[in-house]
Structure formats: structure tokens, C-alpha cells
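Trainee: Need a 3D model of the sequence below.
(chains A and B)
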Amino acid sequence: MNRHDLLLRIRALAVRPRVERELDEELAFHLERETRKHIDAGVSAVEARRQARLRFGPVSLAADQCRDARGTDTVDRLVRDVDYAFRTFRRMPLAALTIVATVALGLGLVATVFTIYNFFFLRVDAVRNPGELFAVSLTRTGSGNGANPRFTQADYEALRRETRVFTDAFAMSSDVGSADRIEQRPARGALVTGNFFQVLGVHAALGRTLLPGDDEASGQPVIVLSDTGWRKLLDGDRSAIGRSVVMNGAQFEIAGVMPEEFRGLGLTPPDYWAPLSLAPESRKTTATGADETAIEVVGRLAPGMSPAAATAALDAWASRRSAFDTFSEPPMHVRLTPRQGTLSVDQADAFFLFGPLFFAFGLVLMIGCANVANLLLARGLSRQREIGIRMALGAPRRRIVRQLLTESLLLALAAAVCGMVVSRLFLQSALRAVVTTIPPDFGLFASYLNLEAPGVDWRVLLFLLASAVVSTAFFGLAPALQATRLDLVRTMRGEVTRDARPGRARRALIGIQVGASTLLLICAVIFLRGAIAHASQPPDIRMHDTVRVSIETESERAAVLRAVTADPLVAAVSAASPTTRGILETSLPAGSMPVNVMAVSPGYLDVLGITIVSGRGFTRSERAVEAGVAVVSETIARQLWPNGNGVGQTVRIEPLRSASRVSTASTGAAGEPSRPLTVVGIVRDPVHDAGMGLASFRGVYVSTALETPKAWLYLRVRGNPELARQALLGRLTGLDPAFGILTLRAMAGMQTYLLEIGFWIAVVLGALALVLTVSGLFSVLSYVIEQRAREIGTRLALGAATRHVAGFVLSLSFGPVATGLVTGGAVAAAVATVLMATPAASDVGGWIDVFDPVAYIASALVIAAGCLISVSVPTLRATRLDPIATLRTD
Amino acid sequence: MTRHPAPDLLPGTLDLLILRTLQTHSLHGWAISERIQQISEDVLQINQGSLYPALHRLEHQGWIDAEWAVSELGRRAKYYRLTASGRHQLAVEAGEWERMARAIGRVMKLA
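Mentor: Purely as a prediction, here's the structure:
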């Protein structure tokens, strides 16, 4: 196709009437000129016109051939098909509406999942060449989980100075835990090096971005706001640039506002970006050293550098660097992961996460499509005459199939548009439901993340379009083929061709629907039973009167401690540092193993009600590592001292050192490296995880003081823990504005809550599936009975008993329903088996029982009951047919 | 009416004849058919009905261009004219035709 051709085709389509007029005019001119020639030769006008026409041949044929030369017939035919389809819809608006609504529901559900998937994994941030950006992380050979060294600012500077792998690299820290305030409003920020915006290649929407000069400690403190932060904190005031704001008590100047689409490589944008060097000022904490700030290093690969080559070069750099270490440690390795503003997880993990969701939501779409297919199969029968006439007039079968598919596709596209609306409504109401039902302590956290319904972009639209096309193939193709398989002679006589009765396709569709509903309902019941079991199981740690306090402002820790100790609502105070990893060394028998270490104050075991199996807990006087005592979990003790003589043994704990510089600065929660500890007690391992990993701790407890920095406080309160929590919150926020307090019950409630969410999703899907299946079964059976009224009437007239007729009608649906039930249950069991064979089995197994027989039986019963109800009405109608009336109509 | 039907043109030759007729100046459809008939001394009477689809096809291929102009009858007519690529195509097809005609001539004479 050349340029002329294209232009002419476009012209033929765009100004069709004009092109048609010109064609008529051209042909008319020819005839007139030919007539004139004959007149000039002396022939009469009438004879001249006759001869001219004779010589030219049929004008309409020539005109048609000229139109063919335009090459627009495909489009013309499409236009005619669309036109025809709209006429059909006008004739049967109810059927069209039902189809659109059914498919829209399914498409909307699938689009919802895809929107969320897109939010996490596909939406690349609006930065220059995101494919070149890689995050650098360090790993150590042979170290367990959680022991990977962290990047420090010194490491980052060395990386920039000593390697040429990246054109440039920046560091950032988005520590969500600390609650910042700008102008008294809570704000979430990220700390970045001054070159952050330049490396990403983004420009400010208002004002300027941060520059390398801003990242020097001497510079004027400035921050850059995200679009979200600007709207939230300053109500989108355009004159905000250059204004000074108070952040955590210090003055900052607003340098600029970033464009809306820029998220700073996060899933949602933070409210502001501040220079990393200002960390101590912007974060009101007693800085345990700038090196403590966990930073993430992201670089832009130099041109021509492959990720593999870069990893190798950085590996060499890292091992050179760790060689300077005074401690003999396994060498460091470097890993590069793409960093584009999406979650950087393996595709396999993403699939594992979203595969089941897509599958479950897709099932509802499939059931809807099956309903529509059934409807179209039925309509195909009633349209036999229309289709027969068209075929008798010479329309090829392919042409009619295409026309029927055009109808289906139009309906599916309309459904896609409605599906978009459905998915927005679904997302927004689901988010609102979560925000209103989430345990209140977590709701605050959610609002803090700037959560809102994930946006729609071209990927979602494309996905919807593709899904609409696939659904069309699913629900439209079989009915179209079936409808055009006709015996023309009999059709023209007005008979409905019985051979075309699509019984097999229909039975298969019912089977699929019942199977899919069974599967969804089984999931729902499994989740429900999991949530109930979880909520009713007594916890292994004392939760009913325990609250956890987090102190964010270290300088106020002593004051907060004084206040809670003196508070009349507080019965006991204890503290626990976050878990660290260490190497436990024993002398008798000699050996070493990596363990979790938790430094706790003497009251901790008592406040949490952890049972002591043998020996004793820490005494009041042993409230420092110097006391040289340790308490060991039962499982660990059994491994070390199988014959149960753990108490009284001496152990040492070597801290697993994190990155080179950090550990020397950190106040070792794991204790001085070489201090011997005497095991004074062994405690029982709580079995039932109450949430947040508290009860799942297995390892060594060492003693520490209440005042340990970064430790959480665990308080036993008097009376209702929720009331106590609120009272304490009110009293103590004055001391530490970021003060946080949670009841343990609320923390455990969060896990139950997640199960409940799973349950509600499965229940909504299962209910939709069941409703669609039952209504589909009902309409199909009603239709079949209408079609076979004559046969049934004849049976009745010949004396068949009512129960025989009822049995006959029931037998029509019994087979497919039974097959569906068995298949659905079998698929559920198969999926469960596969799931339990994956590494995730232990996680899943702790939450739910995927083989719960009650779930299987209950779902089967519910579905069977639903089907029985939907079948009973048509069956009753069949038995009440008046045989005489039925026979008379034919 | 007893008239010798016009001899069938060899396939593809209609395009060649049209292009050749338009080589010197632009003509409307009727004039093209007249001219072919005159020059061939009434041997080649092209089917007027199939002339126009051919013209439209050639126009789509970009070998001829069309514009409306006032004709000898005083009303407007669609005039066709050879484009640069049409001129090139004419040279190719004319060469091809020559070769074919010579070959057929030789076979007729010598076989």
C-alpha cells in the first residue's frame, strides 16, 4: 500500500458521499459524450443513448468494480455489520442489556485485580530511561536471613568514588516508621542525596528540585514537595515556593514541587524529599550516628554496561572493601535489582501472589460468559429463520459468523466500558470498607501512606480491551458457529432444525459454571473457618491486658518511662529491643549456631506470660548485659543440650556484624562480643502466633535495662486495655508527639482481619458465581422445557405420571451439576495439594487448613441446594403442562 | 445486432494501453477509449465498462493522477494524467511487452 493508495482510501472513507457523487458524474459524462458522438454521426437522440448504453454495459456493475478498486470493502462491510448489529439490539434490548451487564460485572472484577497488579508491578515511575536504574544491595555468603549488611553512607560515597559502573548513583532513605510533622500536619518524607533528581532526570513542576549543593551540611535547609504533599500540606498553594515551613521544630524552605506523575521510585509518593545530610535535623531523634540511617543506593548503569558485568565489577569492589575489615567475615557480595518505581520481586513471586486472585476473579468472568453463551445459543435457535434466509440469499457462512461475532464484540466493548465503571466503584468501595473496618490503630498507619484507589492508565485500558476480545471469543464463537449450522430447506419451511440443538455445549457450560462456583465457595469457607479458628484459639502469650508502646523521640524516653511507671493504670512495665541475629557459642559441648537474640528487661517474660520450663527468669537486679545471664527458648535448648541440662551452662553470643562501620557505632543489643552468659532459665515456645511475630520468637533472651534505646515497652495495664490505651495516649503524646501505643489484642486482630478480608473477597466472588450459575441454570432449563414442550406434552397425553416427567426434567440438569460439583472439588483439592508442595506451605498452613473437609462438604451442599431451587420451578411448570393445549399449538 | 465482439485483450494489456495513451497529455475516460480505438483502427475496442475500474486501480497504485477540468462539452470531466512513477511503470511494461511480442513473433515465424 503506497501513499496515494492510503490517501485515496482515507478520502473514500472520510467523504464517501462526495466520492460517490464524483463516480456517478464521471460515468454519466462518459455516456453523454458517447451519446453526443452518435448524435453527431446523425443518429436520433433516443437511438444514440441506447447505443451508448449498450456499448458501455451495465453501469452499476462498473460502479461496483470501481468501488472494489478503492479497497475499502473490509471497512464497508464492518460498517454494515455494526449497523445491522445495532438494529438487532434495538429489537431485543433486554437480551443485549443482560449480556452487557453480565460481562461488565466479570470484566470489572478482573480489571480490579489488574489495576492492583499494575499498581504494584507494572507502573514504572516517570523518570528518564527507568530501565537503566538498579538498586545495589549487599549480601554475605553463608549468612542467614536478616543478617545482610546494610549500606552506609560511607559505603555509598566509596561506591561513587571508586567504581565506574554507574554514570551516577544516589542514596535515599524512606524510613516510614518515624512520624514527621510539617506545619503540625503528619507528613511522610524521604531523605535523598542532592543528585537524586538529576540522576533520575526529572524536573520540578514548580520552583526547582534539590541540587547537590543542598546536600552539604552548611547549606540552607530546603525540602522539595511531591504533588500529593503539596496538595495535602499546603492546599496546592502556588505561592508556596520559597516559603519557610516548620518541620519537627526546624525551619525548612520549600524549594519546589514535583510533577504529579513522579513518585520518587515508590509505589506512592512521599510528601516531601529532604537532603540526606539533614537527617539529624529533619528527624527529631537522638541520632545514634548518621551511619545508622538505613539507606538504599540506586545507580544509573553507564552506557554499554550490562547488569551482569556491573554486578561482577561491584562484587570485586565489595570484596576489596571487606578485606579492610578487621574481623574475619565471609566476603560481601553485591546484588543489582531493577529499580523502576515498582515492587522489585521475582516474577514468580508476583505470580504466586496474583495468580490465585486473577484465577478467582477470572472464574466469575468465565461463569458470566458461560451464561451469555447459553443465552446466545438459545437466541441462535430463535434466529434460525433470519439466518437461514440470509444464507439462502447467498451470504457465505463465514460472512454470517463474522456478523454474529461483530454483534458479540460490540456487546463486549460496551461491557468493557461499563466494566471500567464497575472496577472503579469496586476499588473505591473496597478501599472505603477497609479504611472503615480496619482496626483503628492500623487505620492511622494506612492514612499515613497516602492510600487511595490505584489509578487507571493505558495498561488497564489495554487489558480491558484485550479481556473484552477474549471474552467475545469465549461467549460468542460457539453460538455463532452453532447458529450457522443449518439445514436450509427445512429452515425455509419454518421448521426449527432440531439437529442444531446445542445440548452438548449447554451441558458443558453448566458443568463449568457449577465447578467454578464450587471452587470459589470452598475458598470462602476455608477462609471463614480460618478466621474463626484464629479468633477463638487462646493465645499462648498473655494478651488481654498487655499494650505495646513505641517511643519515637529518644530524648524523651526517660520522661515517658517515668510517666508510665507512675501511671495508676499501669501494673507492670517491661521493655524489649527488636530481634537481632547472633552466633551462639557453647563450650560444653563445644559448638556454635546462629540464633535470634532479644534483649529484654527483667519484667518482660512475666508481662507477656511466657512460661518458664526450668530454672528462672531474670531478677530485678539483672537488668544489664553485665549481669551475664541468659534465658533460652525450649527448642534451642533442646538442640544444644539434648539431655535437658541446659540451666547453668555458659554460652557466648557473638553479634553477627552488620555492615563494617555500623556495628561499632551501634549500642550492641546483643551484648559485648566476648562476655560469657550463664543460662539461668529455659522458657516454653509459644505455639500459636498471635500476630506481628511476637510469639514466634525462638532464641536467646538476654537482659537489658528498661531505658535501652529503640526498645518497645510492654505494659500490663489495669482494666480495659483499650480504655487504658486511650488514656495513656492522651497523657503521653505531650511528651513524645510520635508516641505510639497498641493493645496486643489489636495486633492479633490484624491477622484475623487479613483472614476476614480474604473471606469477604471469596464470599463476594462465590456469591456472585452462585447467583450467576443458578440464574443461568434456571433460564437454560426454562428454555429447554419450552423447546421440548411438545415432547413432554405427548408423554403426559400418553399417560406418563407427574413424577416421571419431573424425573425426566431433573435428569437434564443432574448430570452437568454433578460433574461440576465433582470437578470443582477435585480442582480445589488439586490446587491445595500443589500449594502445600510449594515453599509457602508452612506460611499458608499456619493460617488456614486447605483440606478442611467441612469447607468441601458445605460448599457442595450450598450449590446443590441452589441448583435444586433453580431447577424446581421449571420442573413444576413442566409437570403442569396441559397436554391438549401443547399438542394443539403445533 | 450482428457485430463482431471486440477481441479479448491479453490480461494486463489494458493497463499498458491506458498508460501509453496518457504518455503525452491528460485525457478523460471516454477520450482514452476513443483514442485506443482510433489508433488501433477499430481493432481494439476496449470494454468501456471495465475501463473505469482499471483507471481507479491505476490511480490507487499512484501511476496516474486525476483532476476535474472543463471538457469539450462545457461540463466538467475527470482528466487523468501520468505521474512520474507511472512513466517509470510504462517504460517497464512497454519493455516487457516488446520482449513478449518479439518472442511470439519468432515462434510464429520459425516454429
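Trainee: which residues does residue 55 contact?
Mentor: Here I'm looking at chain A. Listed by C-beta atoms under 8 Å, 6 or more residues apart in numbering or on different chains, the contact partners of residue A:55 are A:34, B:48. Quick note: C-beta positions are derived from backbone N, CA and C, even for glycine.
Trainee: That was the other one, I meant chain B.
Mentor: Per C-beta under 8 Å, 6+ apart, neighbours of residue B:55: B:18, B:29, B:32, B:64, B:66, B:80.
Trainee: Helix, strand, or coil at the residue in the stretch 251-400 of chain A positioned nearest to chain B?
Mentor: Closest to chain B within the stretch 251-400 of chain A is residue A:394: 22.1 Å, counting by C-beta to the nearest C-beta. Under DSSP: H, G, I helix; E, B strand; the rest coil, residue A:394 falls in the coil class.
Trainee: Model confidence at the residue nearest the centre of chain B, what's the number?
Mentor: Residue closest to the average C-alpha location in chain B (C-alpha atoms, centre = their mean): residue B:18, at 2.0 Å. For residue B:18, the pLDDT comes out at 91.
Trainee: low-confidence ranges in the stretch 351-500 of chain A?
Mentor: Low-confidence segments of the stretch 351-500 of chain A (pLDDT under 70): A:439-452, A:490-500.
Trainee: could you redo the last one with a cut-off of 90?
Mentor: Scanning the stretch 351-500 of chain A for pLDDT under 90 picks out the ranges A:351-361, A:363, A:367, A:370-371, A:373-400, A:426-457, A:473-475, A:477-500.
Trainee: all helices of it, in order?
Mentor: A:384-392, A:397-437, A:440-448, A:458-483, A:488-492 (DSSP state H, counting those that start in this stretch).
Trainee: got it, and chain B?
Mentor: Here chain B has its helices, by DSSP state H, at B:13-21, B:29-39, B:48-61, B:84-110.
Trainee: for the ones you listed, which one sits closest to residue A:474?
Mentor: helix B:48-61 (38.8 Å; C-beta to C-beta).
Trainee: starting at the chain centroid, how far to the closest one?
Mentor: Offset of helix B:48-61 from its chain centre (C-alpha atoms, centre = their mean, to the nearest Å): 10 Å.
Trainee: Between helix B:84-110 and that helix, find me the angle.
Mentor: Orientation check (axes from the mean of the first three to the mean of the last three C-alpha atoms, to 10 degrees): helix B:48-61 against helix B:84-110 gives 130 degrees.
Trainee: buried sites along helix B:48-61?
Mentor: B:48-49, B:51-61 (16 or more other C-beta atoms under 10 Å in any protein chain shown).
Trainee: Any chance of JSON lines for these, columns distance to residue B:98?
Mentor: Output for the buried residues of helix B:48-61, formatted as JSON lines (distance: C-beta to C-beta, whole Å):
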{"residue": "B:48", "distance to residue B:98": "27"}
{"residue": "B:49", "distance to residue B:98": "29"}
{"residue": "B:51", "distance to residue B:98": "24"}
{"residue": "B:52", "distance to residue B:98": "28"}
{"residue": "B:53", "distance to residue B:98": "27"}
{"residue": "B:54", "distance to residue B:98": "21"}
{"residue": "B:55", "distance to residue B:98": "24"}
{"residue": "B:56", "distance to residue B:98": "27"}
{"residue": "B:57", "distance to residue B:98": "23"}
{"residue": "B:58", "distance to residue B:98": "21"}
{"residue": "B:59", "distance to residue B:98": "26"}
{"residue": "B:60", "distance to residue B:98": "27"}
{"residue": "B:61", "distance to residue B:98": "22"}
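Trainee: Any chance of JSON lines for the residues you listed, columns pLDDT?
Mentor: Output for those, formatted as JSON lines (pLDDT from 0 to 100):
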{"residue": "B:48", "pLDDT": "82"}
{"residue": "B:49", "pLDDT": "82"}
{"residue": "B:51", "pLDDT": "89"}
{"residue": "B:52", "pLDDT": "91"}
{"residue": "B:53", "pLDDT": "90"}
{"residue": "B:54", "pLDDT": "90"}
{"residue": "B:55", "pLDDT": "91"}
{"residue": "B:56", "pLDDT": "90"}
{"residue": "B:57", "pLDDT": "89"}
{"residue": "B:58", "pLDDT": "91"}
{"residue": "B:59", "pLDDT": "90"}
{"residue": "B:60", "pLDDT": "88"}
{"residue": "B:61", "pLDDT": "88"}
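Trainee: tell me which residues in stretch A:576-587 are buried?
Mentor: Result for stretch A:576-587 [16+ other C-beta under 10 Å]: buried residues A:576, A:577, A:579, A:580, A:581, A:582, A:583, A:584, A:585, A:586.
Trainee: which of those residues lies closest to residue A:467?
Mentor: Nearest to residue A:467 among the buried residues of stretch A:576-587, with distances taken as C-beta to C-beta, is residue A:579, at 44.9 Å.
Trainee: and residue A:80, how many residues sit next to it?
Mentor: The tally of other residues near residue A:80 (other C-beta atoms under 10 Å in any protein chain shown) stands at 12.
Trainee: Report the distance from the strand or helix carrying it to the chain centre.
Mentor: Assigned by DSSP states H and E, residue A:80 belongs to helix A:73-91. Here helix A:73-91 is found 39 Å from its chain centre; the criterion is C-alpha atoms, centre = their mean.
Trainee: quick revisit: what's the closest of the helices of chain B to residue A:520?
Mentor: helix B:48-61 (55.5 Å).
Trainee: Tell me the pLDDT of residue A:232.
Mentor: Residue A:232 is given a pLDDT of 83.
Trainee: who are the neighbours in contact with residue A:703?
Mentor: A:599, A:600, A:601, A:602, A:618, A:622, A:623, A:624, A:625, A:627, A:629, A:630.
Trainee: what does chain B put close to chain A?
Mentor: For chain B, the residues in contact with chain A (C-beta under 8 Å from any C-beta of the partner chain) are B:1, B:28-30, B:34, B:47-50, B:52-53, B:56-57, B:59-62, B:68, B:71, B:73, B:75-78.
Trainee: if we go to 10 Å?
Mentor: B:1, B:3, B:6, B:28-31, B:33-34, B:45, B:47-66, B:68, B:71-73, B:75-78, B:83, B:85 (C-beta under 10 Å from any C-beta of the partner chain).
Trainee: what's the closest of the buried residues of stretch A:576-587 to chain B?
Mentor: residue A:581 (75.4 Å).
Trainee: SS state for that closest one?
Mentor: Going by three-state DSSP: residue A:581 is strand.
Trainee: isn't it right next to residue A:596, touching?
Mentor: Yes - counting by C-beta atoms under 10 Å, residue A:581 sits close enough to residue A:596 to count as a contact (6.3 Å).
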